[in-house]
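*Asks:* Here is my input, please return the structure:
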Amino acid sequence: MKKLILLLFFFSAAQAQILHSAQLEIVGSPGWYQAISLNKEGLILILKEDQTRFKVVRYTTDLRKVWEQELFFDTEEGPQSYTLYDHRIALLFSETSGMYYQWIDFDINTGEYQRKGFELRDYFVDKGIGILNGQMILVGTDKEGLSLFVFDGENGILVHTQWKGNLEIQEVKIGEHIEVLALEKTLGYSNEKKKKGEYVKSTQVVYAHLSSSGEILSKKVIVPTGGKFPMNGRRAGDHVIGVYKEPDGNRGVFISSIREVKNSPQFFTPFLEVLGDKNAKYLKAAEYKLVNPIASEEGSLMGGAFYTNITDKSGLAMGWEYSTAQVFTVFDEMVQRHTLPLKLQTPKGAQPFALNSAGAVAYVGNGKLWVRNFNIGSRPIAYALSEDKPSSFVPGYRQVLHWYDNVFLGIGTQSKMEAQQVKGTGKKKRPIPYTQTRKTFFLTAISAGIAN
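*Replies:* Modelled structure (predicted):
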């Protein structure tokens, strides 16, 4: 196993430490991989091995492998969504823009699974799944508004809810009822009479609870102020963070409470204030990725980072390149903001950094994993898998996730090219050479800050 190198060491054990590490080697070059936290039950790692199959591996919190399953299934992307329930994890894959679905349900303890497929021919944009009253609930939108596809394992039915309008779902959580955070759009027309020249007139973020029959149980609206219209949103506890846009095109970050408190404050941070006027040209091409927020007794921890698309010489999309990141600690009446320099290239959609419940932030740069705790004002601590110059053929960290409590999961990779040969045919039977690709995954559990 590769030696893990600690580049900076001046912290106490309560601040940051390596807990466990593990390796997994795959023959080939996985098209995608995804790690899913099972909280204190461990971790699920999903890897696309080749065109026709992918592997699912379950680890404990000390990164000991419990089981692995290999499934034959041609999918270009990872799970559309997933849900945890009753010591099980269900993965939902979609094909052909969501028309055909594969529902794969694993027993977390044994790895045994059930696999079922279904078809949804109605117009439906899916967003998230969950289990409610023993049935799978797939939440999405149709032409009327919010809809639910209810599947009992054999048959499914599309349920139209009471929530009508032009919606863009941001988050779905299903427990005793269905929680949805959505962007609600009001449309306008340049030619109102003929309904032509459609444009978005205004937006607002709405947080609602619904029953499985589609009844709205409660609804809270974040009303935009000062012409700052929200474009998306993520929730942690009683707070929502998102990106806003003004009529003149200027953008920024807003933070607002969803509690029903009169004159609840809203906080705004313009992007130009973060990057400065000298980066105005970059800002026009850049987007802003929100990371998974964390709610704790200390307050909500939120953030995001600027990125641009990476393409090859032919214009084919290769992923995202991140630059500056922001971390916000949100209290009832106050927001603290910190800025992080990032230099990171990731697959499309990957998170640039992670937050934990102890107030720490972890991010990846130049193959190293960095951990910093703003609550105690510590300098960043760096971990590395190798001292060599970063490349895909050198072990290096590529991604970091919040796992559970105060623990982060660092994911590193290393590609290898090996010369191989097979027996030839014909009279001389000369060996036929070929090149085999192998990829090693390095998993590292790192605690930072004091666990709740």
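
*Asks:* where in the stretch 351-452 of the chain is pLDDT low?
*Replies:* Residues of the stretch 351-452 of the chain meeting the criterion pLDDT under 70: 377-378, 419-436, 451-452.

*Asks:* What segments of it are strands?
*Replies:* Using DSSP state E, counting those that start in this stretch, the strands found in the stretch 351-452 of the chain span residues 353-355, 360-365, 368-373, 381-384, 396-404, 407-422, 432-448.

*Asks:* ditto for the stretch 1-150 of the chain
*Replies:* Secondary structure of the stretch 1-150 of the chain by DSSP E, counting those that start in this stretch: the strands cover 5-6, 16-27, 33-37, 43-50, 53-59, 65-72, 81-85, 88-95, 100-107, 113-119, 125-132, 135-141, 145-151.

*Asks:* Just give me the lowest mean pLDDT stretch among the ones you listed.
*Replies:* Mean pLDDT values for the strands of the stretch 1-150 of the chain show the minimum at strand 5-6, a mean of 46.

*Asks:* and the closest residue in space to Leu138 that isn't next to it in sequence, what are its bridge partners?
*Replies:* Nearest non-adjacent residue to Leu138, counting by CB to CB, 6 or more residues apart in numbering: Phe149, 4.1 Å away. Bear in mind the C-beta positions are built from the backbone N, C-alpha and C, glycine included. Judged by DSSP bridges, the bridge partners of Phe149 are Leu138, Leu158.

*Asks:* I'd assumed Gln135 was in contact with Phe149.
*Replies:* No - the criterion here is CB atoms under 8 Å, and Phe149 misses it with Gln135 at 10.1 Å.

*Asks:* These two: which has the busier surroundings?
*Replies:* Phe149 (21 against 15; other CB atoms under 10 Å).

*Asks:* Next, the contact list for the more buried one, please.
*Replies:* Shown in contact with Phe149 (CB atoms under 8 Å, 6 or more residues apart in numbering): Leu120, Phe124, Asp126, Ile137, Leu138, Gly140, Gly156, Ile157, Leu158, Val159.

*Asks:* mind listing what the fifth one touches?
*Replies:* Right, Leu138. Leu92, Tyr101, Asp126, Gly128, Ile129, Leu148, Phe149, Val150, Phe151.

*Asks:* now it: how far from Glu25?
*Replies:* Using CB to CB, to the nearest Å, Leu138 is found at 35 Å from Glu25.

*Asks:* was I right about Asp312 contacting Met318?
*Replies:* Yes - Asp312 is within contact range of Met318, at 5.6 Å (criterion: CB under 8 Å).

*Asks:* what mean pLDDT does stretch 216-234 have?
*Replies:* Averaging pLDDT along stretch 216-234 gives 89.

*Asks:* In TSV: the contacts of Phe149, plus distance to Thr413.
*Replies:* Formatted as TSV, the contacts of Phe149 follow (distance: CB to CB, whole Å):
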residue	distance to Thr413
Leu120	35
Phe124	36
Asp126	30
Ile137	35
Leu138	32
Gly140	33
Gly156	38
Ile157	43
Leu158	41
Val159	42
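
*Asks:* Kindly give a single ChimeraX line that selects the buried subset of those residues.
*Replies:* In ChimeraX, a selection of the buried entries from the contacts of Phe149 looks like this (16 or more other CB atoms under 10 Å):
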select :120,124,126,137,138,140,156,158
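
*Asks:* Farthest pair within the contacts of Phe149?
*Replies:* Farthest apart among the contacts of Phe149 by CB to CB are Asp126 and Ile157. That separation is 14.9 Å.

*Asks:* follow-up on the earlier one: out of the strands of the stretch 351-452 of the chain, flag the one nearest Asp74.
*Replies:* Judging the strands of the stretch 351-452 of the chain by CB to CB, what sits closest to Asp74 is strand 432-448, at 19.3 Å.

*Asks:* what comes up buried for that closest one?
*Replies:* Buried-residue list, strand 432-448, by 16+ other CB under 10 Å: Lys439, Thr440, Phe441, Phe442, Leu443, Thr444, Ala445, Ile446, Ser447, Ala448.

*Asks:* and which of these is nearest Val274?
*Replies:* Comparing the buried residues of strand 432-448 against Val274 with CB to CB picks out Ala448 as the nearest, at 24.5 Å.

*Asks:* Show the contacting residues for that closest one.
*Replies:* Contacts of Ala448 (CB under 8 Å, 6+ apart): Gln15, Ala16, Asn356, Ala358, Ala360, Ala362, Val371, Asn373, Asn406, Phe408.

*Asks:* again with Gln336
*Replies:* Gln336 is in contact with Phe328, Thr329, Phe374, counting by CB under 8 Å, 6+ apart.

*Asks:* Count the neighbours of the residue lying closest to the last one once chain neighbours are set aside for me.
*Replies:* Looking back up the chat, that one is Phe374. Leaving aside its chain neighbours, Phe374 sits nearest to His338 (5.2 Å; criterion: CB to CB, 6+ apart). Applying other CB under 10 Å, we find 13 residues neighbouring His338.

*Asks:* tell me the SS of His338?
*Replies:* Put simply, His338 is strand when judged by DSSP: H, G, I helix; E, B strand; the rest coil.

*Asks:* doesn't Thr324 make contact with it?
*Replies:* No - in this structure, His338 is not within contact of Thr324 by CB under 8 Å, at 11.2 Å.

*Asks:* so which of the contacts of Phe149 would you say is closest to Gly78?
*Replies:* The closest of the contacts of Phe149 to Gly78 turns out to be Asp126 (CB to CB; 14.5 Å).

*Asks:* Can you name the residues bridging to that closest one?
*Replies:* Beta-bridge pairing for Asp126 (DSSP bridges): Gly140.

*Asks:* re earlier: which one of the strands of the stretch 351-452 of the chain lies nearest to Tyr82?
*Replies:* Closest to Tyr82 of those is strand 396-404 (CB to CB; 14.0 Å).

*Asks:* Please save the CA atoms from that closest one in CSV.
*Replies:* C-alpha atoms of strand 396-404 as CSV (Å, rounded to 0.1, in the frame of the first residue of the first chain):
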residue,chain,number,x,y,z
GLY,A,396,-2.9,11.7,-6.2
TYR,A,397,-6.2,12.9,-4.6
ARG,A,398,-8.9,13.8,-7.1
GLN,A,399,-12.0,14.3,-4.8
VAL,A,400,-13.0,14.7,-1.2
LEU,A,401,-16.5,14.1,0.4
HIS,A,402,-18.1,14.6,3.7
TRP,A,403,-18.6,11.1,5.1
TYR,A,404,-20.2,11.3,8.6
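
*Asks:* How about residues contacting that strand?
*Replies:* Contacts for strand 396-404 (CB under 8 Å, 6+ apart): 35, 37, 39-40, 43, 61, 292, 294, 346, 350-351, 353-356, 362-364, 366-369, 383-386, 390, 408-414, 442, 444-445.
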